[in-house]
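A.B. asks: Requesting a structural model of the entry that follows:
(one chain, ligands or ions: 1)
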Amino acid sequence: MILTDEEKAYRDGQYGEAKRLAMELLIGVGDSFGAQRLIPVSSVHILGHYGSLHQAGIDFLERLVSGGGQCEVPTTVDPSSIDYDRWEQFKVPREYMEQQRRLQVAVEKLGVIPSWSCTPYHSLNVPRFGQNVAWAESSAIVYANSVIGARTNRTPFGLDISAALTGRIAETGLYLDENRRGTLLYDIQINDLDDLDYPTLGAIVGSRSGSKIPVIKGLPLTVTNDQLKCFGAGAASAGAVALYHALGITPEAKYEDPFGGKEPEQVHVITRAELDEMEAQITTATPDQKIDMVTMGCPLLSIEEMKAIYHKMKNRRVKQGMHFWIYLTQETYDLGKRLGIIEPLESSGVWFSTRTCATISPVKTWGFSHVMTNSAKCALVVPSEHNVKITYADTDACIRTATEEQ
Ligand code: F3S
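C.D. replies: Next up, the predicted model:
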């Protein structure tokens, strides 16, 4: 790889031990992928949950702290493994909380913006079209690449914080024009898509695309950012989709041919019947199994999604013995408080959880065996983490199950 003089100075330790280590990692990985050079990134989004990073992650971050590391570009962090304010309410074991706190201290000492959110594009870290960024978190990556038209690979832990400390990443994969072209065409022949249809469509596209780049035809021009968020999260978790193009909607498919003049390798037609089939397939529980917990907010809810839940919940309260947990960013929670929609829901028995993640919630501690959700990503990921059965259904059905009229 060809390095600039400044990059050589990083590598040779002239900017301190942490940046030397970060540059060594970036060069090593870049070389192994055949990259020609490093490129500047304008922002980074890192992983920061103890449940995934374990002791090795803490050790690495603390080593960077003691080596004098500081982020050179705006850097946000994914949800924590615990709700910092409510970990006792959610019965998180103290030892687990303490490990996450160590990780938190290290992350903050490195100068990371303590966002603890998987939707950094809602606030705090909003890239522009065409900017190179280095993001971790599959649902955020697919949103940045597809909806915004920024450029990032699926940046793994280690490389993410190294990019933050140096403002560089190896130029490979989706940073290159030729790797951003669509290869598969999905023709959606359904007129009346509702909110649950978007994550379900994402799951269909993800399960059929692997890491290829899908082009979606037939989404309505009125599709919302939240619907695209849920579509992308479904596609990224059912497969390894990091970029999709929605014809006439997402920036690289609005003014240009996303296939770059070539024919798609395959064309898939998606009908209502397939959507129903996927919806049924994501549900692993049988109707007779008692539901212990209903959860929403994967990816973390926006204020618009929160408002919709508030209106559907009017005059209802959580049933005795049922848990209804909603996950959102601290910023959405604070906005909701200002709007006056949080307190009534809390009084009706809803538990909010901020800065953490539905799929790493302490389901095991509570002994839950059957979880209901309106999130395809949550439905696909939670069973492997917690060995529970899933019922996948829309927001109305989730609310009907969790609550009763007052
Ligand atoms: Fe976000 Fe956790 Fe879901 S990081 S996308 S809430 S799995």
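A.B. asks: For the stretch 51-200 of the chain, what lies in contact range of the ligand?
C.D. replies: 78-79, 118, 137, 139 (C-beta under 6 Å from any ligand atom). All C-beta spots, glycine's among them, are computed from the backbone N, C-alpha and C.
A.B. asks: Need the buried ones from these selected in PyMOL.
C.D. replies: Of those, the buried ones go into a single PyMOL selection, burial set by 16 or more other C-beta atoms under 10 Å:
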select buried, resi 78+79+118+137+139
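A.B. asks: Where helices are concerned, which of the residues of the stretch 51-200 of the chain next to the ligand count?
C.D. replies: residue 139 (DSSP state H).
A.B. asks: Serialize the residues of the stretch 51-200 of the chain next to the ligand to JSON lines and add fields for distance to residue 25 and pLDDT.
C.D. replies: Listed next are these as JSON lines, based on distance: C-beta to C-beta, whole Å; pLDDT from 0 to 100:
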{"residue": "78", "distance to residue 25": "19", "pLDDT": "98"}
{"residue": "79", "distance to residue 25": "24", "pLDDT": "97"}
{"residue": "118", "distance to residue 25": "24", "pLDDT": "98"}
{"residue": "137", "distance to residue 25": "19", "pLDDT": "97"}
{"residue": "139", "distance to residue 25": "25", "pLDDT": "98"}
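A.B. asks: What about residue 315, how many residues nearby?
C.D. replies: By the criterion of other C-beta atoms under 10 Å, residue 315 has 8 neighbours.
A.B. asks: swap that for residue 102, sorry
C.D. replies: Counted with other C-beta under 10 Å, residue 102 comes out at 15.
A.B. asks: So it, which state does it fall into?
C.D. replies: helix (DSSP: H, G, I helix; E, B strand; the rest coil).
A.B. asks: Which single one of the residues of the stretch 51-200 of the chain next to the ligand is nearest to the ligand?
C.D. replies: Set against the ligand, the nearest of these by C-beta to the nearest ligand atom is residue 118 (3.2 Å).
A.B. asks: report the longest strand in the protein, please.
C.D. replies: The residue-count maximum for a strand in the chain (DSSP state E) belongs to strand 293-301.
A.B. asks: which strands and helices sit next to that one?
C.D. replies: Here strand 293-301 touches helix 225-238, strand 323-328, strand 370-373, helix 376-386, helix 395-402, going by 3 or more C-beta pairs under 8 Å, 6 or more residues apart in numbering; DSSP states H and E.
A.B. asks: Would you convert these into CSV that also reports mean neighbour count?
C.D. replies: Putting the helices and strands packed on strand 293-301 into CSV (neighbours: other C-beta atoms under 10 Å) gives the following:
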stretch, mean neighbour count
helix 225-238, 26
strand 323-328, 24
strand 370-373, 23
helix 376-386, 21
helix 395-402, 18
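A.B. asks: With mean pLDDT added, can I get those in JSON lines?
C.D. replies: Output for those, formatted as JSON lines (pLDDT from 0 to 100):
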{"stretch": "helix 225-238", "mean pLDDT": "98"}
{"stretch": "strand 323-328", "mean pLDDT": "97"}
{"stretch": "strand 370-373", "mean pLDDT": "96"}
{"stretch": "helix 376-386", "mean pLDDT": "91"}
{"stretch": "helix 395-402", "mean pLDDT": "98"}
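A.B. asks: Which neighbouring elements make contact with the very next helix or strand once past the longest strand of the chain?
C.D. replies: The C-terminal neighbour of strand 293-301 among helices and strands, as given by DSSP states H and E, is helix 303-312. Helix 303-312 sits against strand 323-328, helix 330-339, helix 342-347, helix 395-402, with contacts defined as 3+ C-beta pairs under 8 Å, 6+ apart.
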